[in-house]
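# quick one, structure for this:
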Amino acid sequence: MVSRDLKFVYGPVPSRRLGRSLGVDPIPLKTCNWNCVYCQLGRSSPMTNDRCSYFLTREILAQVADALKVHRREGIDWITFVGSGETTLHAGIGVMIRRVKALSDIPVAVITNGSLLFRPDVRQDLLAADAVLSSIDAGSEYLHRRMNRPFPGLTLKRHVDGLAEFRRVYGGKLWIEVMLVKDLNDSGLELKRLTTAMKRIQPDEVHISLPVRPPAEPWVEPADEDGVMRATAMFGEMANLIHPVQGEFDLSGYDNVIDAVVGVITRHPMREEELVRTLESWAPDLVSKTLADLAASGRAQVVDRYGQRFWSAAEARYADRPASEHYRTVSN
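Numbering: from 1, shown residues only. Below is the predicted model of the structure:
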């Protein structure tokens, strides 16, 4: 039995693509079949490709129902299944999507890397969603392996074939995200290869994103302006440049503010200034104390990237931190 103290539902949080999103996280950190160099949640260690019920479906659904009672309908644009890794690894995702849609008229989205859509059962599970936001970052097998570092057997061909077949049977919105990383997939050649893949997949939109939160590998940098312009021109009318999100994170629905912050940064590492701004709107007289308590809790770490400080979950593994430091308390 999973404790109801474990929060599977968080937010609403401001989303770059979905407005105010109530997040539903059905899997443990960092349960994934990819190990992307740019991942804001750190390295996948170890990787897994097993679909199973990591948490009880009824526990997750109960928390969604509770959250919908707490939050006003007009404060939520989407209910989004977005895992601390790969969402479709939860074997009950299809049941959860359908039951959540029965609870509310709020549209349901699923964020996935799309790597398992070559499987008929996974395609069937996602058919009820109003939007599926998948990823493809490479148009060549070599770059796919270098950038996404997938579980053995998850080839680029399987990935593209699965997305194309899902598009053929899916009537909702299919948005494909390309994470544009400097000197990896921002050249004319690599973007041409990606364009070829997009022509097969036929998404409704291609979302060009940049790694703005702490990447797993310290050498990862966002593509420069020239790279972004190349990508926008190459993808044409499908292209949609996704700008960094602005807005406050909702910390309600938790017994204490530390639990609330950890619930968010486990899925969305926050810039320190972003965290301070959120705390000022939540408890303006307790910002310094809350940061100190968060550091002392041992449940968070500070990651330095791009000259900024980001707060993330203590368990997240980033390449420039020795393994012995991953669980140490951080401080200001």
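
# touching, Val122 and Glu86? I think so.
No: Val122 lies out of contact with Glu86 (C-beta atoms under 8 Å); the separation is 10.4 Å. No exception for glycine: its C-beta is placed from N, CA and C like everyone else's.

# who has more neighbours, those two?
Neighbour count, other C-beta atoms under 10 Å: between Val122 and Glu86, Glu86 has more, with 25 against 21.

# and the pLDDT at that one?
Listed pLDDT for Glu86 reads 97.

# what is the neighbour count of the closest residue to Asp50 other than its chain neighbours?
Nearest residue to Asp50, sequence neighbours excluded (C-beta to C-beta, 6 or more residues apart in numbering): Leu89, at 7.0 Å. For Leu89, the count of nearby residues is 24 (other C-beta under 10 Å).

# which residues touch Leu89?
27, 31-33, 48-52, 54, 83, 116 (C-beta atoms under 8 Å, 6 or more residues apart in numbering).

# rebuild the residues you listed as CSV, extending it with neighbour count.
Output for the contacts of Leu89, formatted as CSV (neighbours: other C-beta atoms under 10 Å):
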residue, neighbour count
Ile27, 24
Thr31, 21
Cys32, 27
Asn33, 23
Thr48, 17
Asn49, 16
Asp50, 10
Arg51, 19
Cys52, 11
Tyr54, 19
Gly83, 27
Leu116, 23
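
# would you mind writing the CA trace of the helix or strand containing Thr290 as CSV?
Per DSSP states H and E: Thr290 is located in helix 287-296. The C-alpha coordinates for helix 287-296 follow below in CSV (Å, rounded to 0.1, in the frame of the first residue of the first chain):
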residue,chain,number,x,y,z
VAL,A,287,11.5,33.2,2.8
SER,A,288,14.9,33.1,4.5
LYS,A,289,13.7,30.6,7.1
THR,A,290,12.2,28.4,4.4
LEU,A,291,15.3,28.3,2.3
ALA,A,292,17.4,27.5,5.4
ASP,A,293,14.9,24.8,6.4
LEU,A,294,14.9,23.4,2.9
ALA,A,295,18.8,23.2,2.9
ALA,A,296,18.8,21.6,6.4
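
# tell me how far the one helix or strand Gln124 maps to is from the chain's mean position?
Element membership for Gln124, per DSSP H and E: helix 120-126. For helix 120-126, the separation from the chain centroid amounts to 20 Å (computed by C-alpha atoms, centre = their mean, to the nearest Å).

# and the next helix or strand past it?
Heading C-terminal from helix 120-126, the first helix or strand you meet, by DSSP H and E, is strand 131-135.

# who does that following strand pair with, and is each partner parallel or antiparallel?
strand 108-111 (parallel), strand 173-179 (parallel) (DSSP bridges).

# the residue lying farthest from the centre of the chain and Leu279, how far apart?
Seen from the C-alpha centroid of the chain, the residue lying at the greatest distance (C-alpha atoms, centre = their mean) is Asp285, 31.4 Å away. Distance from Asp285 to Leu279, counting by C-beta to C-beta, to the nearest Å: 10 Å.

# surely Gly85 is in contact with Pro26?
No: under the criterion of C-beta under 8 Å, Gly85 is not in contact with Pro26, lying 10.0 Å apart.

# mind listing the strands for the stretch 151-300 of the chain?
Here the stretch 151-300 of the chain has its strands, by DSSP state E, counting those that start in this stretch, at 173-179, 205-209, 239-241, 270-271, 300-305.

# possible to save those as TSV with distance to Thr195?
Shown next, in TSV, are the strands of the stretch 151-300 of the chain (distance: least, C-beta to C-beta, whole Å):
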stretch	distance to Thr195
strand 173-179	10
strand 205-209	9
strand 239-241	10
strand 270-271	33
strand 300-305	30
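
# mind checking which of these is nearest Asp77?
Among those, strand 173-179 comes nearest to Asp77, with 13.4 Å by C-beta to C-beta.

# and the angle for that closest one with strand 205-209?
If you take axes from the mean of the first three to the mean of the last three C-alpha atoms, to 10 degrees, strand 173-179 sits at 30 degrees to strand 205-209.

# return the set of buried residues in strand 173-179.
For strand 173-179, burial by neighbour count (16 or more other C-beta atoms under 10 Å) applies to 174-179.
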